[in-house]
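Peer 1: how would this look folded up:
(one chain, ligands or ions: 1)
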Amino acid sequence: MKAIVNVDNNWGIGIGDKLLNHIPADMKFFKETTTGNVVVMGRATFMTFPGPKALPNRVNIVITRDESWSAPDVIVCHSIEELFEQLERYDSDTVYVIGGSSVYQQLLPYCDTAYVTKVDTGKTADKFFPNLDVESDWVVKSESEAMEHNGTEFKFVTYKKI
Ligand SMILES: NC(=O)c1ccc[n+]([C@@H]2O[C@H](COP(=O)([O-])OP(=O)(O)OC[C@H]3O[C@@H](n4cnc5c(N)ncnc54)[C@H](OP(=O)(O)O)[C@@H]3O)[C@@H](O)[C@H]2O)c1
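Peer 2: Numbers count the residues shown, from 1 in each chain. As a prediction, this is how the structure comes out:
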């Protein structure tokens, strides 16, 4: 299982139900990486999608405790245990945890790779991803050169669990 996330300098990922930035190259990376694969998310993250509609060309799995909740083209799981039962159908290398904060926190222990887009801003976030730079079992495997969008620098960093 892998995580894919966009963080600021403080490992902030969102404020309220909003993302902290919209960088086209990052969205392209997210789309290219997850298309054809399985995406796992919390209900709050699903509700931020346009529509809200399932992401096309991906198996969408949404976690919620609400037994009555459903959405077209979405597999609904009501606990982490139910999620893992569902995930037995898929090669774990094809499963991407896409947020939000609560789901990253719960599933990061099961991830072996994290694709982190690091954005050089320090906005006031209220949702965070664990800081992998201080986690002793995570190391940087590769790092792109710095890129820029509208004056904001960002880079793609791949972390591996050791
Ligand atoms: N920067 C990024 O890459 C990125 C990516 C994704 C999201 N985000 C941001 O993250 C924020 C959303 O994160 P969040 O933590 O508030 O919400 P979230 O993790 O997306 O969803 C939380 C919801 O998921 C369900 N859930 C979580 N754990 C569960 C469990 N063990 N069993 C059953 N259901 C469970 C619950 O839904 P119910 O309430 O329906 O029971 C819970 O309220 C937003 O600001 C969003 O913009 C950022």
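
Peer 1: so how far is the ligand from Gly99?
Peer 2: As judged by Cβ to the nearest ligand atom, to the nearest Å, Gly99 and the ligand stand 2 Å apart. The C-beta positions use only the backbone N, C-alpha and C, and glycine is treated the same way.

Peer 1: is the longest strand along the chain up against the ligand anywhere?
Peer 2: Secondary structure of the chain per DSSP state E: the longest strand is strand 152-161. No: using Cβ under 6 Å from any ligand atom, strand 152-161 stays clear of the ligand, with a minimum separation of 11.9 Å.

Peer 1: That strand pairs with which strands, parallel or anti?
Peer 2: strand 113-119 (antiparallel), strand 138-143 (antiparallel), strand 147-149 (antiparallel) (DSSP bridges).

Peer 1: Buried residues in the second one, which are they?
Peer 2: The reference is to strand 138-143. By 16 or more other Cβ atoms under 10 Å, the buried positions in strand 138-143 come out as Trp138.

Peer 1: Now do that strand: everything it contacts.
Peer 2: Thr113, Ala114, Leu132, Lys155, Phe156, Val157, Thr158, Tyr159, Lys160, Lys161, Ile162 (Cβ atoms under 8 Å, 6 or more residues apart in numbering).

Peer 1: which of those residues has the most neighbours?
Peer 2: Within the contacts of strand 138-143, most neighbours by other Cβ atoms under 10 Å means Ala114, with 24 neighbours.

Peer 1: That one contacts Val7, doesn't it?
Peer 2: No: counting by Cβ atoms under 8 Å, Val7 is not a contact partner of Ala114; they are 9.9 Å apart.

Peer 1: got any residues that touch both of these two?
Peer 2: Counting by Cβ under 8 Å, 6+ apart, Ala114 and Val7 have no shared contacts at all.

Peer 1: Name every strand pairing with the helix or strand of the chain with the lowest mean pLDDT and say which way it goes.
Peer 2: Least confident helix or strand of the chain, by mean pLDDT, DSSP states H and E, is strand 18-19 with a mean of 95. Strand 18-19 sits in its sheet next to strand 12-15 (antiparallel), going by DSSP bridges.
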